[in-house]
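> coordinates only, sequence not included:
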């Protein structure tokens, strides 16, 4: 399976509308996966849970996370990140990083929608988390594109012995 080049991954992570799924561990030990908005900025993935969200409480207990950023259409690009989330700004410090939140919202609902969204939710306390890509395990792949061989695209470990390509 072809991996995304650094430039392909960066372009994908900055595309408007692509959601991220964050996996955390609840207090009971059960996994919890939530689709959320994110921002890729200077080699970091930024995201912002509301104070009352279950996954914010889970992150406070256990900062290890798994992130899945993928798409539904060909070429099925995917970036998987396993790492540790760092609380950059806790609840009550929203004014310090509101510009990053505005940039994140703009990625999903455009400039006008982001401004309106922030106005409508400014009273909802939230924190800002970051995952450094250089400190996390990052894997990626996509389906072959025009001109690339279509056979043997999966990692060798998925094939049974004797598989012909």
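Good, I have the coordinates. Owing to the predicted nature of the structure, the values given are computational and were not obtained by experimental measurement. Residues are numbered from 1 along each chain as shown.
> quick one, strands of the protein?
20-25, 31-36, 39-41, 44-47, 64-70, 78-84, 86-89, 128-132, 137-141 (DSSP state E).
> dump these to CSV, plus mean pLDDT.
Shown next, in CSV, are the strands of the chain (pLDDT from 0 to 100):
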stretch, mean pLDDT
strand 20-25, 98
strand 31-36, 98
strand 39-41, 97
strand 44-47, 98
strand 64-70, 98
strand 78-84, 98
strand 86-89, 97
strand 128-132, 98
strand 137-141, 94
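> out of those, which comes closest to residue 4?
Proximity to residue 4 (CB to CB) singles out strand 137-141 among these, at 4.0 Å. Every residue, glycine included, has its C-beta placed from N, CA and C.
> what comes up buried for that closest one?
138, 140, 141 (16 or more other CB atoms under 10 Å).
> residue 108 versus the nearest residue to residue 23 once chain neighbours are set aside, what's the distance?
Ranked by CB to CB, 6 or more residues apart in numbering and with sequence neighbours excluded, the top spatial neighbour of residue 23 is residue 66, at 3.8 Å. Distance, residue 66 to residue 108, by CB to CB, to the nearest Å: 22 Å.
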